[in-house]
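K.L.:
need the 3D shape of this:
(chains A, B and C)
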Amino acid sequence: MIVPPETYNRILALEYRHARVLDEDRLEEWPELFVERGVYKVVPRENMGRPVELPILFCDSRAMMRDRIDSLRRANVFNLHQPRHVVTNVEVLSTGGGEAEVVAAYTVHQTDLEGQTRLFGIGQYRDIVVLTGPEPLFREKMAICDTFAIPNLLAIPL
Amino acid sequence: MIVPPETYNRILALEYRHARVLDEDRLEEWPELFVERGVYKVVPRENMGRPVELPILFCDSRAMMRDRIDSLRRANVFNLHQPRHVVTNVEVLSTGGGEAEVVAAYTVHQTDLEGQTRLFGIGQYRDIVVLTGPEPLFREKMAICDTFAIPNLLAIPL
Amino acid sequence: MIVPPETYNRILALEYRHARVLDEDRLEEWPELFVERGVYKVVPRENMGRPVELPILFCDSRAMMRDRIDSLRRANVFNLHQPRHVVTNVEVLSTGGGEAEVVAAYTVHQTDLEGQTRLFGIGQYRDIVVLTGPEPLFREKMAICDTFAIPNLLAIPL
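P.N.:
Reported below is the predicted structural model:
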């Protein structure tokens, strides 16, 4: 499915912005990348296709995302790891009703205070992007984790 | 070399689709991304520039690719590792005769049944993409492996 | 910020070319990707925001870049590691005066003579790209390293 290059690039820009607000510790801007009743969830790949998906993280509104960020801010006074979200292989699978169904690969590395970097997790995004507003927004973002032996507690969003 | 954005995006879509059919275990669709007499080969970087390339994997038709997939299906009743192919740095080096010469970087990670992910291999694709059909197809795809100390038997295509 | 797709793709092409001249050991072409008085610097993330940035590598002209390459050629008779630079998440933050402010994520792996690959470093590029010439060129390229526990002496550019 090939969308006009302008549309594809606007979707890319949303995906990269999502990565960057997380990596630059601008977590308060994260919910603004979703529509008001947007859904964000993290699901281990092994749970996909089961009757119950059992997400390890689930938010179904900006308000719930903001609550989560508030909790993170209280829990992690100091952000001990620098994350780096890489988004690649962005494909538009279908469009319709002003929305696009998008898949992508993500890779997250973390660097500790000693400057050592390790792979934190890899997986796939499956997103629904609303294209009708001035800027594209996520109606749904699902991170399906290949890596579920996650070395730290999952703190910031994937 | 800058091709029209529509053309570039169609090439991107082919590269990403190649990655995704492998990662989603839709191996039977893999030969369909090549022309009938398409070539797929995997060559360790250390062999490049030698009189004989000695590919560690070589197919020169869809039929041969299908045979390989059949063998894989018989040998690996259960796919023990989840692969994740990331394709980046996609460059069109030249075009002509309805074809494009394309290079890209690839990174393949594998996740085992315990959910632990490790780097499987990294390298470069050097591809010839046929642009004249309704969808672009590979006339040739060569994976040049930087990583040749490959931890498992090379099972699925890179 | 969305630029015309042609402009975005020309910026991508410059970023990918930068990666490829380094990976293909065509280091002498590297300074040609900058304007004559172009700046290249490598700064550990921990130094960002300090009164003095203390780059671990700094060049402010093509001439200085050429000197650096000459030194590298004399010091490393044999290039012992195959690097692989992956550039992703390329975003244009602003444009004006014929220039674009660009950020991207980079990941560098190195493969040794035994064919084993390891992560060398990850971080962010912050670049100023001049768009007015026949080909885009870097007026400034800054690599901000998340990874500062760099396993080898930093030899080739990031």
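K.L.:
for chain A, what lies in contact range of chain B?
P.N.:
Within reach of chain B by CB under 8 Å from any CB of the partner chain, chain A has these residues: A:1-2, A:5, A:8, A:44-46, A:86, A:88-91, A:103, A:105, A:107, A:119, A:121-124, A:145-150. Any C-beta I mention is one placed from the backbone N, CA and C, and that applies to glycine too.
K.L.:
got the residues of chain A near chain C?
P.N.:
Listed as neighbours of chain C in chain A under the rule CB under 8 Å from any CB: A:5-6, A:8-10, A:13, A:16-17, A:19-20, A:23, A:82, A:84-88, A:107, A:109, A:111, A:114-119.
K.L.:
so among the residues of chain A next to chain B, which ones count as buried?
P.N.:
Buried members of these, counted by 16 or more other CB atoms under 10 Å in any protein chain shown: A:5, A:8, A:44-46, A:86, A:88-91, A:103, A:105, A:107, A:119, A:121-124, A:145-148, A:150.
K.L.:
would you check that A:Val43 makes contact with A:Ile144?
P.N.:
Yes. If you go by CB atoms under 8 Å, A:Val43 and A:Ile144 touch, sitting 5.4 Å apart.
K.L.:
hey, what's in contact with both of the two?
P.N.:
When contacts are counted by CB atoms under 8 Å, 6 or more residues apart in numbering or on different chains, A:Val43 and A:Ile144 have no shared neighbour.
K.L.:
how about A:Trp147, what does it touch?
P.N.:
For residue A:147 the amino acid is Thr, not Trp. Applying CB under 8 Å, 6+ apart to A:Thr147 gives the contacts A:119-123, B:111, B:115-117.
K.L.:
where does it land in three-state SS?
P.N.:
Counting by DSSP: H, G, I helix; E, B strand; the rest coil, the backbone at A:Thr147 sits in coil.
K.L.:
quick check: mean pLDDT across the lengthiest helix in chain A?
P.N.:
Looking across chain A with DSSP state H, the single longest helix is helix A:5-23. The predicted model assigns helix A:5-23 a mean pLDDT of 97.
K.L.:
just checking, what packs against it?
P.N.:
Judged by 3 or more CB pairs under 8 Å, 6 or more residues apart in numbering or on different chains; DSSP states H and E, the packing partners of helix A:5-23 are strand A:82-96, strand A:99-111, strand A:117-130, strand A:137-145, helix B:5-23, helix C:5-23, strand C:82-96, strand C:99-111.
K.L.:
and the second one, what does it pack against?
P.N.:
So the one you mean is strand A:99-111. Other elements packing on strand A:99-111 under the criterion 3+ CB pairs under 8 Å, 6+ apart are helix A:5-23, strand A:82-96, strand A:117-130, helix B:5-23, strand B:82-96, strand C:117-130.
K.L.:
mind putting these in TSV, distance to A:Pro136 included?
P.N.:
As requested, those are arranged in TSV below (distance: least, CB to CB, whole Å):
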stretch	distance to A:Pro136
helix A:5-23	5
strand A:82-96	11
strand A:117-130	5
helix B:5-23	17
strand B:82-96	22
strand C:117-130	23
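K.L.:
skipping adjacent residues, who's closest to A:Val39 in space?
P.N.:
Distance criterion CB to CB, 6 or more residues apart in numbering or on different chains; nearest residue to A:Val39, sequence neighbours excluded, is A:Glu140 at 4.4 Å.
K.L.:
now the terminal residues of stretch A:20-38, how far apart.
P.N.:
Stretch A:20-38 has an end-to-end distance of 19 Å (criterion: CA to CA, to the nearest Å).
K.L.:
all set now, cheers.
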